[in-house]
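# Here's my sequence, what's the structure:
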Amino acid sequence: MAKAKAEMTTKKSGPGRPTKPAKGRTFGVRMEPDYLAWITGFAERERVPVASLFDQALAAYARERGYTEPPKRV
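Okay, the predicted model is just below:
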């Protein structure tokens, strides 16, 4: 029994977290499947990734509201 416990404490885990922080941040949006299908369909029609569609829509909304132009996203 003691041997099994010793083996469990010496077992190494995976590589862990990266030493360098990831460049930028990820933004997630929860949505229903039909809403995701709607967004995906529109993005495909526009021939852009969904992330670019969000970027373009948010930039247009900010411009319409008189807010500053966004910086480069990535």
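# In the protein, where is pLDDT below threshold?
Counting by pLDDT under 70, the chain has low-confidence residues at 1-14, 18, 21-22.
# most centrally placed residue in it?
residue 26 (3.4 Å; CA atoms, centre = their mean).
# State the distance from that residue to residue 67.
23 Å (CB to CB, to the nearest Å). The C-beta positions use only the backbone N, C-alpha and C, and glycine is treated the same way.
# What's the local residue count around residue 38?
12 (other CB atoms under 10 Å).
# wait, residue 56
Around residue 56 there are 14 residues (other CB under 10 Å).
# And residue 39, by the same measure?
Neighbour count for residue 39, taken as other CB under 10 Å: 16.
# wait, what's in contact with it?
Neighbouring residues of residue 39 by CB atoms under 8 Å, 6 or more residues apart in numbering: 31, 50, 53.
# quick one: which of these has the most company?
residue 53 leads those on contacts (other CB under 10 Å) with 17 neighbours.
# Next up, the contacts around it.
With CB under 8 Å, 6+ apart, residue 53 has these contacts: 39, 42-43, 46.
# for the closest residue to residue 74 other than its chain neighbours, helix, strand, or coil?
Spatial nearest neighbour of residue 74, chain neighbours left out: residue 24 (6.2 Å); criterion: CB to CB, 6 or more residues apart in numbering. Classification of residue 24 using DSSP: H, G, I helix; E, B strand; the rest coil returns coil.
# I'd like to know how many residues surround residue 24.
Residue 24 has 8 nearby residues by other CB under 10 Å.
# and it, backbone torsions?
Phi and psi for residue 24, reported as degrees, to the nearest 10, are phi 80, psi -170.
# if I read this right, it contacts residue 71, doesn't it?
No. In this structure residue 24 lies outside contact range of residue 71 using CB atoms under 8 Å: 11.6 Å.
# How much space separates residue 27 from residue 50?
Applying CB to CB, the value for residue 27 to residue 50 is 12 Å.
# circling back to that earlier point, any of the contacts of residue 53 buried? List them.
Neighbour-count burial (16 or more other CB atoms under 10 Å) is assigned, among these, to 39, 43.
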